[in-house]
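S.K.: Provided below are the primary sequence and the corresponding predicted coordinates.
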Amino acid sequence: MEALLYQILSGLATGGIYASLALALVMIYNATHLVNFAQGEMAMFSTYIAWTFIEAGMPYWAAFFLTVVISFAGGVLIERAVLRPFEQQPSVLAIVTVFIGLLLILNSVAGWIYEYTLKVFPSPFPERSYLDGMVNGHQLGLFGVTFVTLILVYLFFRFTPLGLAMRAAAQNPESSRLVGIRVGWMLALGWGLAGAIGAVAGMMIAPIVFLDPNMMAGVLNYGFAAALLGGISNPWGAVLGGFIVGVLENLVGDYVVGTELKLTVALVIIVGVLVLKPSGLFGKTLVTRV
Amino acid sequence: MATITQVPTRTSGVATYYGLSGDAWKSIVIAAVIAAACVLPFLVSNYRTFQFTLVLVNAIALLSINILTGFNGQISLGHGAFYAIGAYTAAILIAQFGVPYWATLPVAGVLCLVAGFLFGLPALRLEGLYLALATFALGVAIPQILKYKGIEDWTGGVQGIVINKPTAPFGLKLNPDQWLYFVALFVTILAFIVGWNLLRGRVGRAIIAIRDQPIAAQAMGINTAFYKSLTFGVSAMFAGIAGALGGIAVQFVAPDSFAITLSLSFLFGSVIGGIFSLSGAIYGALFLQFIPHVSEGISKAAPGAVFGVFLIAFMFIMPVGVAGFLRLAWMLIRRRIATRMA
Amino acid sequence: MTAILEVKDLHAFYGPTHVLHGLNLAVEPGGITALLGANGAGKTTTLRALCGMCGTRGQIVFEGVSLAGKATEDIVRRGIAHVPEGRGTFTGLTVEENLRLGAYTRKDKNSVIADFDRAYRYFPKLKERSGQQAGTLSGGEQQMLAVARALMMRPRLLLLDEPSFGLAPMIVQDIFGILRTINREEKVSMLLVEQNASLALNIADHAYLLETGRVMISGTSDTIKNDDSVRRSYLGY
């Protein structure tokens, strides 16, 4: 029984990682109706930036917030400079190709600047363990940060005029212009926020998996699975999906297929959700007219 | 008395260029390229021959992407998985069962045809971005699946399997590199013929119609589900055959050779070469083989960034890739030099 | 009285297709002007051209300021609200969120609250359904929502594209009654595109009749109503 509980708690801890990445994916989806393949690499790159500041002697939280701000700006820049030309021709192939291109550039540049040796990334949370050694300080801290981010995202979309405008711009750009919303900037804002959230996710993940340019590839898969499972437009769903995926990954990994096939679990979840219930557990089904 | 006005007859409406029709020129060019390809191994070093073998292997793989994504509109970021299945099939058959190398190719092809068709079935419900997402997940997961301890006895686990290079039969005076090159050349030509036949005629038109207007195609009575799965299967088959050939050429299969970067390299090779045409596969394959060597001079990590930049630039400036660019150039030139037969 | 909206020699394009050929029209302040014509005459295109939603050439002057070449979101911020063909409601958002979006560009918080009350007073049905997803509303309710959202912008000029389309006659009467009230009480000028000519002529002061992208006839609605030949050949009654 204790082992099961440990697996579940450990699953919830990793689930927090997936949840925070899934939040960034939900953010971009809500702003643009697109799935950002490059999200993992953006998060990784932000974490490297934070690492640079910390290595240079900056205190953790200062580096943290500065990185979040820079990542926000980076997200806006990516949207305005790279994606804007493709707004007009919404061919899926073009968009996927651009995302993949971004992914490759970010990954390579990170490898180029920082090389491929693993680096240690500090955690701001106490080292101690709690609950009889079931969870450690960082895992608890991760939960906390994820929830705070979730609440902020939810409040933003639900209660602020800007959040409402962003949702409107993604749903119906033409009508949005007719009420005076600058649709282009809404998209840029969405990307900026996703960049910021991704940075937070990366900085929470790095202490666990160690910092290297390829650290996010597998995590991204889980992030996708989490976001899809919870409903790609729903931040609460994304977080819940993250925890479910984390626990499922651990349980299935330990009791069914062995730890080496965990990524396959993510694959099965993704394909399963997309085929059986594309709107996920909590997302809204969008009806399109033919 | 009525006079009958003679209407001048036109013997043909085909434009000619220096005495030959456009189609005739095309055949000449293709024949010349094949001839050049046959002579190549005798003119360059063994290592270069090996590189060109890999170009041929890549060309088959990119052909699979062009058919699936360029002509049928289904985006796959996971074709590395089928390539891997083909490679491992060949390796296991050779290493464990002593099957001759040339027999492994059809087996790999059929296996991947079935696998692709089966994967294509649930994929039917996925469109665009979501299909890309699902295949991306497949591509990321495949190395892990290949490392799975449960099938380690077959796959050799993390270490993979080593294969011996086949030697030329019948005492032909060719070294193994050269022989393999000709095998690859033969398979490539075969693959392109099959691909070309698939895409012209009713089947080809159906495939393209599904890409452009899926709902209208369905309303017209085209069985989109069947054609999409078929295309997925055929595409996977090509990728599998490419994988088998590739594994034999490199003499080695291991899980980490088939990471997501492989699938992504297929996509961008196709985009840069020209995803909407068959010849694009060749240009893309050349690009994939030789550009990294050039950019590695700058930095170890640079190839990825270079690819990324090229990818975005091409999508913006020239979405039809090198093949499309050449076609445009040809169209501009032909206006100048066409002479009509009256 | 200078017109609140003056259009001179307006040409409009959808890509290479030339759709409007040198339109001249004007809307008087506080007046209602109707744009009539058969399907494909260019009425919707005119409204879209005014809002920068297609390529244009020519003069568009609103309250003395030229709008030609400006982006849609900048044009509407100057005081023009457009209720488009097909309503343009945000079907995925609630009724209340739709109205809030109408007030997106406004800075005066208190009058926005007052305007919500006013919107619900004009359209009590909307108040009942304020938490409902807009896509689930009936056609008539969505039209009311579209008009209400436009009013939340406190526009000085309201562009309406076929507000009667697909609606039951009783609902149409309701809506047009409300439009007349708004015009009278709040002095909102209106440019009304309608296929239902008699309906439009009953509410409008002036009318323009379009055919294949050109103005064929213009005048006060009384004149046009009373001109038998115009009525018979162009308006079908």
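M.R.: Noted; the coordinates are in hand. Small disclaimer: the values here were computed from a predicted structure and weren't measured.

S.K.: From now on I want contacts and neighbour counts done on CA atoms only, so please keep to that.
M.R.: Noted.

S.K.: what ranges of chain C fall below the confidence cut-off?
M.R.: For chain C, the stretches with pLDDT under 70 are C:1, C:233-237.

S.K.: May I have the phi/psi pair for whatever residue of it ends up closest to chain B?
M.R.: The shortest separation between chain C and chain B is 20.2 Å, found at C:Gly15 (distances taken as CA to the nearest CA). Here is the backbone geometry of C:Gly15 (degrees, to the nearest 10): phi 60, psi -130.

S.K.: what about the strands in chain A?
M.R.: A:129-130, A:135-136 (DSSP state E).

S.K.: Could I get the average pLDDT for the first one?
M.R.: Along strand A:129-130, the predicted confidence averages to a pLDDT of 72.

S.K.: Spell out which parts of the stretch 51-200 of chain A neighbour chain C.
M.R.: A:161, A:164-165, A:168, A:171-172, A:175, A:177-182 (CA under 8 Å from any CA of the partner chain).

S.K.: could you point out the longest helix in the chain?
M.R.: Looking at chain A here, since you left the chain open. Across chain A, the longest stretch assigned as helix under DSSP state H is helix A:2-32.

S.K.: nope, chain C please
M.R.: Per DSSP H, chain C has its longest helix at helix C:169-186.

S.K.: What pLDDT does the model give the residue nearest to A:Ile95 when sequence neighbours are not counted?
M.R.: Leaving out its chain neighbours, the residue that sits closest to A:Ile95 by CA to CA, 6 or more residues apart in numbering or on different chains is A:Phe86, at 7.2 Å. Reading off the confidence values, A:Phe86 has pLDDT 75.

S.K.: got a list of what A:Phe86 touches?
M.R.: Contacts of A:Phe86 were listed using CA atoms under 8 Å, 6 or more residues apart in numbering or on different chains, and they are A:Ala94, A:Ile95, B:Phe316.

S.K.: try C:Ala34
M.R.: C:Leu191, C:Leu192, C:Val193, C:Glu194, C:Ala200, C:Leu201, C:Ala204, C:Asp205, C:His206, C:Ala207, C:Tyr208.

S.K.: What about those, which are in helices?
M.R.: C:Ala200, C:Leu201.

S.K.: Could you export the contacts of C:Ala34 as JSON lines, including neighbour count and distance to A:Lys119?
M.R.: Shown next, in JSON lines, are those (neighbours: other CA atoms under 10 Å in any protein chain shown; distance: CA to CA, whole Å):
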{"residue": "C:Leu191", "neighbour count": "24", "distance to A:Lys119": "66"}
{"residue": "C:Leu192", "neighbour count": "25", "distance to A:Lys119": "66"}
{"residue": "C:Val193", "neighbour count": "26", "distance to A:Lys119": "66"}
{"residue": "C:Glu194", "neighbour count": "23", "distance to A:Lys119": "68"}
{"residue": "C:Ala200", "neighbour count": "24", "distance to A:Lys119": "73"}
{"residue": "C:Leu201", "neighbour count": "23", "distance to A:Lys119": "76"}
{"residue": "C:Ala204", "neighbour count": "21", "distance to A:Lys119": "74"}
{"residue": "C:Asp205", "neighbour count": "18", "distance to A:Lys119": "76"}
{"residue": "C:His206", "neighbour count": "23", "distance to A:Lys119": "75"}
{"residue": "C:Ala207", "neighbour count": "29", "distance to A:Lys119": "74"}
{"residue": "C:Tyr208", "neighbour count": "24", "distance to A:Lys119": "73"}
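
S.K.: out of the contacts of C:Ala34, who's nearest chain A?
M.R.: C:Leu191 (15.8 Å).

S.K.: ok, the closest one to C:Tyr208 distance?
M.R.: Relative to C:Tyr208, C:Leu191 is positioned 10 Å away (CA to CA, to the nearest Å).

S.K.: what's the overlap in contacts for these two?
M.R.: Here C:Leu191 and C:Tyr208 share the contacting residues C:Thr33, C:Ala34, C:Leu35, scored by CA under 8 Å, 6+ apart.

S.K.: Now intersect these with the helices, please.
M.R.: Residues of the shared contacts of C:Leu191 and C:Tyr208 located in helices (DSSP H): none.

S.K.: thinking again about what came up before, burial count for the closest residue to the residue of chain C closest to chain B other than its chain neighbours?
M.R.: Leaving aside its chain neighbours, C:Gly15 sits nearest to C:Gly55 (7.2 Å; criterion: CA to CA, 6+ apart). With neighbours defined by other CA atoms under 10 Å in any protein chain shown, the count for C:Gly55 comes to 18.

S.K.: and C:Gly55, bridged to which residues?
M.R.: Beta-bridge pairing for C:Gly55 (DSSP bridges): C:Phe13.

S.K.: quick one: contacts for it?
M.R.: C:Ala12, C:Phe13, C:Tyr14, C:Gly15, C:Ala49.

S.K.: The residues you listed into a markdown table, with extra columns for neighbour count?
M.R.: Formatted as a markdown table, the contacts of C:Gly55 follow (neighbours: other CA atoms under 10 Å in any protein chain shown):
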| residue | neighbour count |
| --- | --- |
| C:Ala12 | 28 |
| C:Phe13 | 17 |
| C:Tyr14 | 14 |
| C:Gly15 | 9 |
| C:Ala49 | 24 |
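
S.K.: So which of the residues of the stretch 51-200 of chain A next to chain C belong to helices?
M.R.: Those of those lying in helices (DSSP H): A:Pro161, A:Leu164, A:Ala165, A:Ala168, A:Gln171, A:Ser175, A:Arg177, A:Leu178.

S.K.: tell me which of those is nearest to B:Pro122?
M.R.: A:Gln171 (27.4 Å; CA to CA).

S.K.: ok, now how distant is the closest one from B:Leu124?
M.R.: 25 Å.

S.K.: who has more neighbours, the two?
M.R.: Legend: neighbour count by other CA under 10 Å for A:Gln171 and B:Leu124, higher for A:Gln171 (20 against 17).

S.K.: Which pLDDT value goes with that one?
M.R.: 87.

S.K.: next one: the one 4 residues further on
M.R.: We have a pLDDT of 92 for A:Ser175.

S.K.: tell me the contacts of it?
M.R.: Applying CA under 8 Å, 6+ apart, the residues near A:Ser175 are C:Gly88, C:Thr89, C:Phe90.
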